[in-house]
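Asks: have a look; sequence and predicted model below, questions after that.
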Amino acid sequence: MKILEIKNLNYSYPDGTKALDNINFSMDMGQKVAILGANGAGKSTLMLHLNGILDGKGKIAVCGIGLQKSTLRQIRQKVGLVFQNPDDQLFCPTVFSDVAFGPQNMGLSKVEVESKVTKALAQVGLAGFEKRSPFHLSIGEKKRVALATILSMDSELIALDEPTTNLDPRGRREITELLSKLDKSMIVITHDFDLARKLCSHCVLMARGSIVANGQTDKILADEALLYRHGLI
């Protein structure tokens, strides 16, 4: 089953700048896909279309459900976005409150919410952090909490924007290992070739709002001429 299908997606910013140019892309359930590209390639803009934050022209379907106003709530329960800067995602006074926010808004009981928070924090290696302030955590811990806010909602597709940015080598390694253990479909926007190679068997390369390569990660990363042409090496 295709967890994501994008057909003829186009988007221009209010000033007329073309950000996405006829994007066609699909991925299977359980697949982990890296999205590569230089700054300004359209990667983050594409991610913001996956659950309707941005609304371009074209068709997007998640688990066979077309994205439109009437299905927006349903789609947002299936697609979780993890932003590059966790401070854009964390806003509550405690880690528990941040991770519980989604399940609470889904109308779950107190017991169900507590169970989902406990499970999500354990998945990201932060069991026992419930009462901590997210604003006093390290950048790596903040990124884990941001991921936990999505895991607590049981999102079927997780899209992460530069999950290893601003992390030291150990932090990058730990995040890579964490993501590889999660049994989730993922889209990973990254400049980190090592992360892409270890985590994602499939890779999409974007340039100037278009997909210029789509195939096996190892094959694309081995094509130095292609990477050089599009500003990645």
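Replies: Done, it's in. Residues are numbered from 1 along each chain as shown.
Asks: which SS class is residue 59?
Replies: Put simply, residue 59 is strand when judged by DSSP: H, G, I helix; E, B strand; the rest coil.
Asks: export stretch 95-115 as PDB, just CAs?
Replies: Coordinates of each C-alpha in stretch 95-115 appear next as PDB, following Å, rounded to 0.1, in the frame of the first residue of the first chain:
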ATOM      1  CA  VAL A  95       8.000  17.800  28.700                       C
ATOM      2  CA  PHE A  96       4.800  15.900  29.700                       C
ATOM      3  CA  SER A  97       2.600  18.800  28.600                       C
ATOM      4  CA  ASP A  98       4.300  19.000  25.200                       C
ATOM      5  CA  VAL A  99       4.100  15.300  24.500                       C
ATOM      6  CA  ALA A 100       0.500  15.100  25.800                       C
ATOM      7  CA  PHE A 101      -0.800  18.000  23.800                       C
ATOM      8  CA  GLY A 102      -1.600  16.000  20.700                       C
ATOM      9  CA  PRO A 103      -3.300  13.000  22.400                       C
ATOM     10  CA  GLN A 104      -5.300  15.400  24.600                       C
ATOM     11  CA  ASN A 105      -6.600  17.200  21.500                       C
ATOM     12  CA  MET A 106      -7.600  13.900  20.000                       C
ATOM     13  CA  GLY A 107     -10.000  13.500  22.900                       C
ATOM     14  CA  LEU A 108      -8.300  10.600  24.600                       C
ATOM     15  CA  SER A 109      -8.900   9.900  28.300                       C
ATOM     16  CA  LYS A 110      -6.400  10.900  31.000                       C
ATOM     17  CA  VAL A 111      -5.200   7.300  31.400                       C
ATOM     18  CA  GLU A 112      -4.700   6.900  27.600                       C
ATOM     19  CA  VAL A 113      -2.800  10.200  27.400                       C
ATOM     20  CA  GLU A 114      -0.500   9.200  30.200                       C
ATOM     21  CA  SER A 115       0.100   5.800  28.600                       C
END
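Asks: who touches that stretch?
Replies: Defining contact as C-beta atoms under 8 Å, 6 or more residues apart in numbering, one finds that stretch 95-115 is touched by 77, 89-92, 116-117, 120-121, 126, 129-134, 137, 145, 148-150, 152-153. To be clear about C-beta, it is placed using only N, CA and C from the backbone, and glycine gets the same treatment.
Asks: go on, stretch 24-39?
Replies: Taking contacts as C-beta under 8 Å, 6+ apart, the residues outside stretch 24-39 that touch it are 1-9, 43, 46-47, 156, 179, 183, 185-191, 195-196, 199-207, 211, 214, 217, 220, 230-232.
Asks: filter those residues down to the buried ones.
Replies: Using 16 or more other C-beta atoms under 10 Å as the burial test, the contacts of stretch 24-39 include 3-6, 9, 43, 46-47, 156, 179, 185-190, 195-196, 199-200, 202-207, 211, 217, 220, 230, 232 as buried.
Asks: which of those residues fall in strands?
Replies: Using DSSP state E, the members of these that fall in strands are 3-6, 9, 185-189, 202-207, 211.
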